[in-house]
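Participant: make a model of this:
(2 chains)
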Amino acid sequence: MQRLLGIAVLVSASFAFLPPALRASGGSSMPRPSGTSSMPPAPRKTPEQEAVDHYNAGLKYRDKAVALQKEAAQAGSEKERAKLEKKAQKEFEKAIDELRTATEKNPMFYQACSDLGFALRKTGDYAGALEVYDRAVSLNPAYSPAIEYRAEAYLGLDRVEEAKKAYMALFTGDRGRADELLQAMKGWVEKRRAEPGTLAPDTVQEFSRWVGQREELAGQTPSVSELQQRKW
Amino acid sequence: MTPSAHPPPPAYEWRLPPGFPVPRVPADNPMTPAKVELGRRLFYDRVLSGNGTYACSSCHRQELAFTDGRARAVGSTGEPHPRGALSLANVAYGATLTWADPRLARLEDQARVPMFNEHPVELGLSGREDELLRRLRADEDYPGMFTVAFPEDPDPVSLENLTRAIASFERTLISGDSPYDRLLYRDEAGALSESAKRGMRLFFSERLNCSRCHGGFTLSGPVAFEGARPIAPTFHNTGLYNLGGDGSYPADNPGLFGITGLAEDMGRFRAPTLRNVELTAPYMHDGSMRTLAEVIEHYARGGRVVADGPLAGDGRDSPRKSELIRGFDLDERGKADLVEFLKSLTDRSFVGDPRFGDPRFAAPHSAAPRSGGARLTAPRPAGPHPARP
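Facilitator: Just a heads-up that it's a prediction; the model follows:
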């Protein structure tokens, strides 16, 4: 929390570099009213405003891709599944183009970095994903989605120690994200048990034990915010 | 730092342990290092008692996690208090203060109680407010310290500012470096012994229910902090007494009932923090249990039996007892494990932290304005922080 506070200062300091249009929205995506014919021609967009447009377009493709993947998971036949999965990959690629443009137009756009990382990871480009997650986290060290997604990219690269560190950071800052990451970790354990690749079996075993212990600790100790909801 | 008139105080640097939220601070008393320093000095100063023999620290001793080691506190004139001194560890987060008062929520307000209480007398300052202020104004250091702590106040040496400073100091008394914290928040798997880990499982189990009342990061009743939703204070009757079979508690300690007058509130007390509980014996509001083993025996039985005398009665049968106190079977090993876990809540760095100790044992502090986030004091020389057996 203290860490978060320090970060809030850091983030607001970095906002000082942003143009007012984006500063007002906290640098996040915000739908912009489109000009109508009865209005005077819209002034030329700043690069930051263009970045927002590309970001929003990228998210649309991403959402479509995610929906297609869900459909693929429930597909009746292997052929159908493969077809849907391929379609999803196409959408992810479009998302990547848009999001990458957004990060180029506005290099401070940490949300775009984080979402670009997600799309890259979904297409199997873990190294590329890591690179942009690193950027997102260095732009805003409190941005827990990037911390979590980056950890999942670490898992994809079998870098379990780094994933563990990320879990601990989320555990104190954002328990919901920490829980999500723990689920992903369990998925990793199962996958690596089935196909260990170059990993030593001990590594998987050791990590699995760690996940079990952290799961028990998490179950025992609700986060402070959850405590406020409990009734007795 | 620019010597401009009254720059707004810089954001206070809390240095909180991982997992701890930012404490709630009243808008009219923002944290500043100068106030904390003044409050600390006052906390340890006997000038705060009518007869010059007592300070807050007489009943709240750092080496005992800011309790006094007595079953019930004793005031500056020797008058006994009906209840035991509470630990001040993490008191900044208390949703309510003291053993059973739902109205008392601000440390600024609470600090007046021991100063001006007449039933019982604690610091014995009632009716001697002017004398206290005169003493403070005549002191070598205080006028300067008050001026630095309250630069906007033309007459800074006041009772209001005094309680503000003490409250500011109290809010810094944060304890979150126990072996339990190191396991939970720092991923040090070896911080707890195997026995303590088994005890932890028991503590958080539905069978024992301990964490239903001693919960959250403070292992206490409800907490308040920056950004938290307000929560109703809670008080429980744990079946310590059952006088006359109707669940009554001794007349000098009826708990929440003493304030609300509602029959259902008889014997209800706040669940205190279990952090540092190893150091805070004897236990319960009246210090009527000497050891942790005794406390666990009481919970396992589902209420305490007092065999004879004026307090005779079986708490297990109390109609006022919380439904969470149901009793449980636990073998000797389980009981020992639970005690081991409770001991893993001891924060040695908290009870030895020179920032929380008596400033007279520290390097002399200057009354000059401090820059934001300044260290509170130089470390005190190898000094007395006796570890309890």
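
Participant: and the host helix or strand of residue A:162, does that touch chain B?
Facilitator: Residue A:162 is part of helix A:160-173 when elements are defined by DSSP states H and E. Yes. Under the criterion of C-beta under 8 Å from any C-beta of the partner chain, chain B is reached by helix A:160-173 at A:164, A:168, A:171, A:172. In this view, the C-beta of every residue, glycine as well, is placed from N, C-alpha and C.

Participant: kindly indicate the member of those with the most neighbours.
Facilitator: Counting neighbours by other C-beta atoms under 10 Å in any protein chain shown, residue A:171 leads these with 24 neighbours.

Participant: list the contacts of that residue.
Facilitator: Residue A:171 makes contacts with A:178, A:214, A:218, B:19, B:185, as judged by C-beta atoms under 8 Å, 6 or more residues apart in numbering or on different chains.

Participant: any of those residues buried? List them.
Facilitator: A:178, A:214, A:218, B:19, B:185 (16 or more other C-beta atoms under 10 Å in any protein chain shown).

Participant: of those, closest to residue B:328?
Facilitator: For the buried ones among the contacts of residue A:171, the minimum distance to residue B:328 (C-beta to C-beta) is 24.1 Å, reached by residue A:218.

Participant: can you pull the residues of chain B lying near chain A?
Facilitator: So chain B meets chain A at B:11, B:14-16, B:18-22, B:183-187, B:189, B:200-201, B:204, B:211-213, B:215-217, B:222-223, B:225, B:228-229, B:231, B:234, B:324 (C-beta under 8 Å from any C-beta).

Participant: show me which of those are buried.
Facilitator: Buried members of the residues of chain B next to chain A, scored by 16+ other C-beta under 10 Å, are B:14, B:16, B:18-22, B:183-185, B:187, B:200, B:204, B:211, B:213, B:215-217, B:222-223, B:225, B:228, B:231, B:234.

Participant: for chain A, give me the ranges with low pLDDT.
Facilitator: Within chain A, the stretches with pLDDT under 70 are A:1-40, A:223-232.

Participant: and the helices in it?
Facilitator: Using DSSP state H, the helices of chain A run over A:2-15, A:20-24, A:47-73, A:78-105, A:110-122, A:126-139, A:144-156, A:160-173, A:175-194, A:201-220, A:224-227.

Participant: give me whichever of those helices is most buried.
Facilitator: Of the helices of chain A, the one with the most neighbours on average (mean count of other C-beta atoms under 10 Å in any protein chain shown) is helix A:110-122, at a mean of 26.

Participant: what helices and strands are in contact with that helix?
Facilitator: Packing partners of helix A:110-122 (3 or more C-beta pairs under 8 Å, 6 or more residues apart in numbering or on different chains; DSSP states H and E): helix A:47-73, helix A:78-105, helix A:126-139, helix A:144-156.

Participant: output those as TSV; include the columns distance to residue B:165.
Facilitator: Below are the helices and strands packed on helix A:110-122 laid out as TSV (distance: least, C-beta to C-beta, whole Å):
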stretch	distance to residue B:165
helix A:47-73	47
helix A:78-105	50
helix A:126-139	40
helix A:144-156	37
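
Participant: nearest residue to the middle of chain B?
Facilitator: Centroid check for chain B by C-alpha atoms, centre = their mean gives residue B:88 as the closest residue, at 2.4 Å.

Participant: now it: how far from residue B:110?
Facilitator: According to C-beta to C-beta, to the nearest Å, residue B:88 and residue B:110 sit 10 Å apart.

Participant: check contacts around whichever residue of the stretch 51-200 of chain B sits closest to chain A.
Facilitator: Nearest residue of the stretch 51-200 of chain B to chain A: residue B:187, at 5.0 Å (C-beta to the nearest C-beta). By C-beta under 8 Å, 6+ apart, the residues touching residue B:187 are A:164, A:168, A:214.

Participant: of these, closest to residue A:44?
Facilitator: residue A:168 (46.3 Å).

Participant: residue contacts, that closest one?
Facilitator: Contacts of residue A:168 by C-beta under 8 Å, 6+ apart are B:185, B:186, B:187.

Participant: try residue A:114
Facilitator: Residue A:114 neighbours (C-beta under 8 Å, 6+ apart): A:132, A:133, A:136, A:143, A:145, A:146, A:149.
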